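**Q** One predicted model, sequence on top.
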Protein chains: 2
Amino acid sequence: MTDVSAPRKRAPSKKSLETKARILDAAEDLFSKRGFDGTSIRDIAKQAGAQVALVHHHGGPKEELFHMVVARRAKPLAELRLKALEEKKSAADRDGRNKLTLREILASFVQPFLEMTLSDGAPWPAYGRLIALVSADERWRQIAAECFDPTAAVFVDEIADLLPGASRTALSAAFVFTVSGMLALTASSWRIGAVAREQQQADLAETLLDYSEAGFLRLCEG
Amino acid sequence: MTDVSAPRKRAPSKKSLETKARILDAAEDLFSKRGFDGTSIRDIAKQAGAQVALVHHHGGPKEELFHMVVARRAKPLAELRLKALEEKKSAADRDGRNKLTLREILASFVQPFLEMTLSDGAPWPAYGRLIALVSADERWRQIAAECFDPTAAVFVDEIADLLPGASRTALSAAFVFTVSGMLALTASSWRIGAVAREQQQADLAETLLDYSEAGFLRLCEG
DNA sequence: GTCTATAATGAGATAGAC
DNA sequence: GTCTATCTCATTATAGAC
């Protein structure tokens, strides 16, 4: 999944993998902070402690490096989301319910993302902003389609199954609004802080779920 | 409002103003499509049909040009929003109501924006994407604080007056979520279209208001 | 106010030694 | 796999003629 170019002939050495990881980490951090065009290969090399030519060696052209950085965590993220969904289904079965609640579905999608990007000691602190960039720029449409649309489709189908009376259009709009709110928590939380700064991050996740669930139900029932 | 630099000694000629407007129009269009770092002064000059040096003459350094482009329409937009609010208050008075509904307040904020940026023949078709860029990048925090925060504060106060039981934190979060949805309509409408493309723009405005109103009420009442 | 010309810098990418 | 060195091109910005 991290290799989107031609297949290699040899397995890379351990040191090579470490160097590549350092380069991808630096690229992820800088891309997320300054955007694609605001980040130079030279900046990435400097932060990774490597030479410029080495960044090209591991990352290829700049666009491919960006693609690699986004794709690297897409599969683990998708698995976390689907795992959360399956676990909630098992729990519902044990409770004798045959359907998940809307909130359980939404939480399965939102919480793994916020946990990896926004919680205390989050392992992927820059990845949330990066995804917000990808989602907002039509230039990365292909990357979004490859990395995120399949999982999104699973969740939209799940919701459509729960709310059979809702139009596909209403479902789509509500889902995009929910994702927009989720991304705002990571990419534009400074805008929230500009108005009121008395809240924890964990609370904001619940706040988002409250808001989205109610909005969803209004669109799909009204 | 369009002049954020030192005061001029002379009134500019008519031709100069036209040239400046052409440059700002080109800058607005290109900044909105490719972002700040993805747009060069040369691109702007070419699209405006002017020389590179002339862009610098009218726009100053690149950051100042960006500031100018955003600030140019901020005051008219704020006036449209406040005018919509006042008109709805007058109408409510005539109906013998002494309070606006939440939906009327939200619509006064959202609809002027969508009308200017997203309607058929919208006069500012690029400005919506530009504001989305400003809102998502902490680098433009000062511009956002100057151009948009004052009006936002008026509307948040208005809502706080309507829903006195709600915490300031819940209000702030809900407002940011609502603005995120509004910006998604202009900046990420391709994401909506990727799921279902059977809807008109006018409908999406109503859809957003339905969703936001319900989410707001849940946060403020629950 | 508008133009030509140019300065000064930084960018992405590659060749080739080790 | 990693490094040095370099190619080629685009960038912001300004100086100075008209």
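**A** Arrived safely, thanks for sending.
**Q** give the contact list for A:Ala78.
**A** A:Pro150, A:Thr151 (CB atoms under 8 Å, 6 or more residues apart in numbering or on different chains). Just so you know, the C-beta spots here come from the backbone N, C-alpha and C atoms, and that holds for glycine as well.
**Q** which SS state does it fall under?
**A** helix (DSSP: H, G, I helix; E, B strand; the rest coil).
**Q** what about it, distance to A:Asp149?
**A** Applying CB to CB, to the nearest Å, the value for A:Ala78 to A:Asp149 is 11 Å.
**Q** can you give me the mean pLDDT across stretch A:117-132?
**A** Mean pLDDT, stretch A:117-132: 96.
**Q** Return the set of buried residues in it.
**A** Residues of stretch A:117-132 classed as buried: A:Thr117, A:Leu118, A:Ala122, A:Trp124, A:Pro125, A:Ala126, A:Tyr127, A:Gly128, A:Arg129, A:Leu130, A:Ile131, A:Ala132 (neighbour count, 16 or more other CB atoms under 10 Å in any protein chain shown).
**Q** Among those, name the ones in helices.
**A** Secondary structure from DSSP state H places A:Thr117, A:Tyr127, A:Gly128, A:Arg129, A:Leu130, A:Ile131, A:Ala132 of the buried residues of stretch A:117-132 in helices.
**Q** on that earlier part again, of all the buried residues of stretch A:117-132, which two lie farthest apart?
**A** A:Ala122 and A:Ala132 (14.8 Å; CB to CB).
**Q** lowest-confidence helix or strand of chain A?
**A** helix A:189-195 (a mean of 74; mean pLDDT, DSSP states H and E).
**Q** now check that helix, is it near chain B?
**A** Yes: using CB under 8 Å from any CB of the partner chain, helix A:189-195 reaches chain B at A:Trp190, A:Arg191, A:Ile192, A:Ala194, A:Val195.
**Q** residues near the third one, how many?
**A** The local packing of A:Ile192 (other CB atoms under 10 Å in any protein chain shown) involves 20 other residues.
**Q** so what's the residue lying closest to A:Val179 once chain neighbours are set aside up against?
**A** Sequence neighbours aside, A:Ser135 is the residue nearest to A:Val179 in space, at 7.2 Å (criterion: CB to CB, 6 or more residues apart in numbering or on different chains). Taking CB under 8 Å, 6+ apart, we find A:Ser135 in contact with A:Ala144, A:Phe148, A:Val179, A:Leu183, B:Ser188, B:Arg191.
**Q** I'd like those written out as JSON lines, with distance to DNA strand D and neighbour count added.
**A** Converted to JSON lines, those look like this (distance: CB to the nearest atom of the strand, whole Å; neighbours: other CB atoms under 10 Å in any protein chain shown):
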{"residue": "A:Ala144", "distance to DNA strand D": "25", "neighbour count": "22"}
{"residue": "A:Phe148", "distance to DNA strand D": "30", "neighbour count": "19"}
{"residue": "A:Val179", "distance to DNA strand D": "32", "neighbour count": "24"}
{"residue": "A:Leu183", "distance to DNA strand D": "28", "neighbour count": "24"}
{"residue": "B:Ser188", "distance to DNA strand D": "25", "neighbour count": "25"}
{"residue": "B:Arg191", "distance to DNA strand D": "28", "neighbour count": "22"}
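**Q** now A:Leu204: how far from B:Gln51?
**A** 49 Å.
**Q** So between these two, which is more surrounded?
**A** Per other CB under 10 Å, whichever of A:Leu204 and B:Gln51 has more neighbours is A:Leu204, with 20 against 11.
**Q** Which helix or strand contains A:Ile44?
**A** helix A:41-48 (DSSP states H and E).
**Q** Report all helices and strands that that helix contacts.
**A** Secondary-structure packing of helix A:41-48 (3 or more CB pairs under 8 Å, 6 or more residues apart in numbering or on different chains; DSSP states H and E): helix A:14-34, helix A:52-59.
**Q** Point out where chain A drops to low pLDDT.
**A** Within chain A, the stretches with pLDDT under 70 are A:1-10, A:195-202, A:222.
**Q** quick one, what contacts A:Thr151?
**A** A:Leu77, A:Ala78, A:Arg81, A:Leu82, A:Phe109.
**Q** returning to that earlier point: among the helices and strands packed on helix A:41-48, single out whichever gets nearest to B:Asp210.
**A** helix A:14-34 (32.9 Å).
**Q** which strands and helices sit next to that closest one?
**A** helix A:41-48, helix A:52-59, helix A:62-72, helix A:127-136.
**Q** where's A:Leu163 relative to A:Asp149, distance?
**A** For A:Leu163, the distance to A:Asp149 equals 21 Å [CB to CB].
**Q** on that earlier part again, could you dump the helices and strands packed on helix A:41-48 to TSV with mean neighbour count and distance to B:Ala170?
**A** As requested, the helices and strands packed on helix A:41-48 are exported to TSV (neighbours: other CB atoms under 10 Å in any protein chain shown; distance: least, CB to CB, whole Å):
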stretch	mean neighbour count	distance to B:Ala170
helix A:14-34	18	28
helix A:52-59	17	43
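**Q** would you turn those into TSV with distance to A:Ser212?
**A** Formatted as TSV, the helices and strands packed on helix A:41-48 follow (distance: least, CB to CB, whole Å):
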stretch	distance to A:Ser212
helix A:14-34	24
helix A:52-59	36
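**Q** mind checking which of those is nearest B:Glu158?
**A** B:Glu158 lies closest, by CB to CB, to one member of the helices and strands packed on helix A:41-48: helix A:14-34, at 35.0 Å.
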